[in-house]
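[1] dropping a prediction and its sequence here:
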Amino acid sequence: MVVDQATDAGIDRIFHALADGTRRDIVALAVGGGYSVSALAKRYPMSFAAVQKHVVVLEDAGLITKERRGRERLVHTDVDTVQRARALLDGIEELWRARVDRIDDLLATEKETTGGKR
């Protein structure tokens, strides 16, 4: 299965980061860009430090980048990393669909050979 040059550890960091609902929400918000960490902190019922920790986890996983604009650090989603994670999930889905199709084929063959009787 091709993961587009991503290491197992890198993929683990991505999915660990996405395992938290707040972090998934931050990734979704940051697609449009323009959110500072302090603006993000105002959106959640937690401290600035807690939101900052979420941002660090996302940044370490490569899911977001920060851009300095004046005194603020704006958060942006790294779409390439999100696409790599999706490619991995798409590959897993293809494997399972192939297995289901194979089971369907086996059941159809069995039905033909037994005349539908078991």
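    All right, it came through fine.
[2] can you give me the helices for the chain?
    For the chain, helices defined by DSSP state H occupy the ranges 8-18, 21-30, 37-42, 48-60, 79-114.
[3] for E72, which of those helices is the nearest?
    Relative to E72, the nearest member of those by CB to CB is helix 37-42, separated by 7.2 Å. Where you see a C-beta, it was placed from the backbone N, CA and C, and this is true even at glycine.
[4] what's that closest one in contact with?
    Applying CB atoms under 8 Å, 6 or more residues apart in numbering, the external contacts of helix 37-42 come out as 26, 29, 47-48, 51-52, 55, 66, 72-73, 75.
[5] most surrounded residue in those residues?
    In terms of neighbours by other CB atoms under 10 Å, those top out with I26 at 25 neighbours.
[6] thinking again about what came up before, dump the helices of the chain into CSV; add mean pLDDT as well.
    Below are the helices of the chain laid out as CSV (pLDDT from 0 to 100):
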stretch, mean pLDDT
helix 8-18, 92
helix 21-30, 96
helix 37-42, 94
helix 48-60, 97
helix 79-114, 84
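[7] related to what we said a few turns ago, tell me the one among the contacts of helix 37-42 nearest to A9.
    Nearest to A9 among the contacts of helix 37-42, with distances taken as CB to CB, is V55, at 20.2 Å.
[8] who's in contact with the closest one?
    Residues in contact with V55 (CB under 8 Å, 6+ apart) are 26, 37, 40, 64, 66, 75.
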